[in-house]
Structure formats: C-alpha cells, structure tokens
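# sequence first, then the predicted structure, then my questions.
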Amino acid sequence: MLLEALSSAILGLALAWAAAHRLPHRLPARSLVLPTGVAGGLFGAFLTHTALGFGNLFVVLIGAAVVSAASLSLLVRPAGRLRRHSATA
C-alpha cells in the first residue's frame, strides 16, 4: 500500500512537471500545477485501490495517471483570445 501511494505520487508529480514544462503559457503558476498532479495521482490510486483491491499495482498506477491527467486538464486555459460574436451576426 505504501508502494502504491509513493508510486502514484511520483507519477502524478512527473505528469504535472511534464505538463508545466510543455504548456507553461496555458497553465497557472507551477506552485499550483505540481500539487494538483500529486493530489490527482494519490486520489486516483485511492479510487482504483478501493475498487479493485490489493495486488494490482500496474492497474492502480494507470488509474492514478488517468485521474492526475484529468485534474491537470481542468487547469488548462484557452490558447488564444475568445472570439465573441454579436447576437445578430
């Protein structure tokens, strides 16, 4: 269980670092992105471990990666300005 938690936290941190490195202009401050990735990884591992039980480390890590990526995707801002059209156009 400790190995699952530590592995999922490191995986979430790695995903958050990669996202912050690749998309710095579309994400908020790095001090928000990195803990979000770790928290998403830990929560994903908790959910997957609760649903499937003990002994599925690879599956738990996949669940941690999915939830971490989903939580990081909520932080992404639009790339450019939003085009606003008038109601009559």
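Thanks, I have it.
# what's the local residue count around the nearest residue to Pro78 once chain neighbours are set aside?
Nearest in space to Pro78, with sequence neighbours left out and distances taken as C-beta to C-beta, 6 or more residues apart in numbering, is Arg26 at 7.8 Å. Every residue, glycine included, has its C-beta placed from N, CA and C. Using other C-beta atoms under 10 Å, Arg26 has 12 other residues around it.
# ok, Arg26 - contacts?
Taking C-beta atoms under 8 Å, 6 or more residues apart in numbering, we find Arg26 in contact with Val76, Arg77, Pro78, Ala79.
# in three-state terms, label the first one for me.
Three-state secondary structure (criterion: DSSP: H, G, I helix; E, B strand; the rest coil) places Val76 in coil.
# count of neighbours near Ala39?
16.
# make that Leu75, sorry
For Leu75, the count of nearby residues is 17 (other C-beta under 10 Å).
# quick check: it touching Leu27?
Yes. Counting by C-beta atoms under 8 Å, Leu75 touches Leu27, with 5.6 Å between them.
# find residues that contact each of the two.
Counting by C-beta under 8 Å, 6+ apart, the residues touching both Leu75 and Leu27 are Val33.
# next up, the contacts around the residue nearest to Gly12 when sequence neighbours are not counted.
Counting by C-beta to C-beta, 6+ apart, Gly12 lies nearest to Gly41, which is 2.4 Å off, once chain neighbours are set aside. Taking C-beta under 8 Å, 6+ apart, we find Gly41 in contact with Ser8, Ala9, Ile10, Leu11, Gly12, Leu13, Leu15, Ala64, Ala65, Val67, Ser68.
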